[in-house]
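J.: this is the structure alone, sequence omitted:
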């Protein structure tokens, strides 16, 4: 079922991995500029949420609960990043 | 007790087939705690620095020893600690804190060489390395060695003296440790009195602080622990839901695991240290 889901949405998962990998690569490359690094992490999480919602919109199964779930997981990721930077 | 943990971690009827720790309410609660925590951390650091703060151990002697070790490996003459260059480094650090900038040249155009001249070090060659956010002398020298331009200063045959200054203060909105290194070689003048520091004499300022809890280690450990907890719960949830063939509206675990995995990599590799 897991592999079936991945096979069914190969393009989505592939593009998601590219977005996330690019985000982490750029954020680590810009460690000398904290503001730019944070901006890249915020953009990465934003794209993650937007890409997830867009994917479900295209699949015609978008629901408010799905939107909330993506926003909450994105918020969790961002709050951990900010907690780390402020620590 | 077992039932309670199952309710928290395992998708089942009692939690509507979604681990309770993945419920919207619990996620919102954790996000709220983290956001509140990130505002309170700097307040606690500022008011109770003995309890929660940045643990630092940076000394000019250690920096000098490490730099000279690197020079020795390249068969170069060792640098000597110089009083005037240390003063110049101190003036530069004070200027950076006062004018709140992170650059070799100040916003008002003052260059690093102005501080060297002010310290009355009559130089032929001079160079400057900056570092902030590091907690150990070793980390600073390692970071400088990994950067071509900074390594060039460390291993330049043109320099004979060095001055270090380490200070803690608020720069660009964050409490940080700033280290300035001024490299130089003097204009040979037989009448000029040498300012090289005699062995054992200390001119530069050390920075050694050991609070009860290192704030950065605390933040990193907390972040990593939360990420690992959620990744484990999401993986567990994914396996159980797949095996039991439960159909749910929510639960895009693969996506979430990927995102949290990336944030985990960031948390592990993130360093507060920056060089210039």
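T.: Received the coordinates, thanks. Just so we're clear, the structure is a prediction, and the values are computed from it rather than from any experiment.
J.: for the helix or strand containing residue B:182, name the packing helices and strands.
T.: Applying DSSP states H and E as the criterion places residue B:182 in strand B:174-186. Other elements packing on strand B:174-186 under the criterion 3 or more C-beta pairs under 8 Å, 6 or more residues apart in numbering or on different chains; DSSP states H and E are helix B:24-47, strand B:56-58, helix B:83-99, helix B:112-118, strand B:123-132, strand B:161-171. In this view, the C-beta of every residue, glycine as well, is placed from N, C-alpha and C.
J.: report the longest helix in the chain, please.
T.: In the absence of a named chain, chain A is used. helix A:34-58 (DSSP state H).
J.: looking at chain B here, not the other one
T.: helix B:215-244.
J.: now the helices and strands packed on strand B:174-186 in TSV, with mean neighbour count and distance to chain A?
T.: Shown next, in TSV, are the helices and strands packed on strand B:174-186 (neighbours: other C-beta atoms under 10 Å in any protein chain shown; distance: least, C-beta to the nearest C-beta, whole Å):
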stretch	mean neighbour count	distance to chain A
helix B:24-47	15	4
strand B:56-58	20	15
helix B:83-99	22	15
helix B:112-118	20	18
strand B:123-132	21	10
strand B:161-171	22	11
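J.: need the least confident one among those, by mean pLDDT.
T.: Across the helices and strands packed on strand B:174-186, strand B:56-58 has the smallest mean pLDDT, namely a mean of 84.
J.: how far does that strand sit from the chain's center?
T.: On the basis of C-alpha atoms, centre = their mean, to the nearest Å, strand B:56-58 is displaced by 11 Å from the centre of the chain it belongs to.
J.: quick check: next helix or strand after it?
T.: helix B:60-73.
J.: grab the nearest non-local neighbour of the residue of the stretch 101-250 of chain B found nearest chain A.
T.: Relative to chain A, the nearest point of the stretch 101-250 of chain B is residue B:219 (2.1 Å; C-beta to the nearest C-beta). Residue nearest to residue B:219 in three dimensions, not counting chain neighbours: residue A:87, with 2.1 Å by C-beta to C-beta, 6 or more residues apart in numbering or on different chains.
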